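Asks: Here you go, sequence then predicted model.
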Amino acid sequence: MDLIEIGKVGRAHGLKGEFRLTYYNLSLEDFFVYKKIFLKGPTDKITSFSVEQAKKYKKGIIVKLKGIETREEAKKYINSPVMVSEDALPPLKEGEYYVKDLIGMDVISVSGKFIGKLKDVMILPNYDLYIINYNEYEFYLPAIKDIIVKIDERQRKIFVNPPEGLLSNGSL
């Protein structure tokens with residue numbers, strides 16, 4: 001079974017084993033369909049938990065898992081990746097992509113120049129940041145409409161309009 005990281009455990013909340021969850025999806029409602037999640041514990045062992053309760057809290061989610069009953073137990077998982085099985089992921093809407101599907105795509109400028117491969121995506125509060133590798137160079141592109149022009153899943157290419165000056169140093 002393939003596991004996909006969907007968030008990260010934040011700090012403990014209350015006394016009964018609840019914790020804050022940093023959820024990578026912009027739509028918090030999508031989290032509430034998960035009945036089972038997986039956490040990587042302090043020894044890197046991955047454990048399956050049933051979701052007992054999940055509720056919106058400010059800009060995030062508070063989660064209570066069956067088997068984590070105290071604040072101290074919840075603290076053991078702080079910063080742990082939160083994962084689900086790939087087949088539990090909700091269907092995508094038009095123009096949405098899973099990060100796992102974007103990794104490794106060629107990044108091409110609108111002028112047709114190869115500028116690298118997508119290495120990773122950094123999830124930030126206001127926008128995602130694409131981490132691009134070109135030979136030994138690594139640089140970042142904000143994943144915003146003005147810069148990410150088109151994603152072609154079939155050809156595995158991301159077409160971009162890079163900010164002025166990014167490609168002018170002669171290294172690309």
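Replies: On my side now, so go ahead. Numbers count the residues shown, from 1 in each chain.
Asks: Distance of the residue minimising distance to the centre of the chain relative to residue 31?
Replies: Nearest to the mean C-alpha position of the chain, by CA atoms, centre = their mean, lies residue 24 at 4.7 Å. Relative to residue 31, residue 24 is positioned 10 Å away (CB to CB, to the nearest Å). From N, CA and C alone the C-beta is placed, and that goes for glycine too.
Asks: what touches both of the two?
Replies: With contacts taken as CB atoms under 8 Å, 6 or more residues apart in numbering, residue 24 and residue 31 have 6, 7 as neighbours in common.
Asks: residues contacting the closest residue to residue 103 other than its chain neighbours?
Replies: Nearest non-adjacent residue to residue 103, counting by CB to CB, 6 or more residues apart in numbering: residue 118, 5.9 Å away. By CB under 8 Å, 6+ apart, residue 118 lies in contact with 102, 103, 104, 105, 107, 130, 131, 132, 158.
Asks: So for stretch 108-115, first residue to last residue, what's the gap.
Replies: Distance between the two ends of stretch 108-115: 6 Å, counting by CA to CA, to the nearest Å.
Asks: What of stretch 61-78?
Replies: First-to-last residue span, stretch 61-78, CA to CA: 14 Å.
Asks: Sort out for me which of the contacts of residue 118 are in helices.
Replies: Among those, the ones falling in helices (DSSP state H) are residue 102.
Asks: Report the buried members of the contacts of residue 118.
Replies: If you count burial by 16 or more other CB atoms under 10 Å, the buried members of the contacts of residue 118 come out as 102, 105, 107, 130, 131, 132, 158.
Asks: Now do the second one against residue 128, distance only.
Replies: Distance check for residue 105 against residue 128: by CB to CB, it reads 14 Å.
Asks: Distance check, the residue nearest to residue 109 when sequence neighbours are not counted against residue 106.
Replies: Closest residue in space to residue 109, ignoring its immediate chain neighbours: residue 115 at 5.6 Å, by CB to CB, 6+ apart. Noted for residue 115: a distance of 9 Å to residue 106, by CB to CB.
Asks: which of those two has more neighbours?
Replies: residue 115 (20 against 15; other CB atoms under 10 Å).
Asks: quick one: which of the contacts of residue 118 is nearest residue 20?
Replies: The nearest member of the contacts of residue 118 to residue 20, counting by CB to CB, is residue 131 at 25.8 Å.
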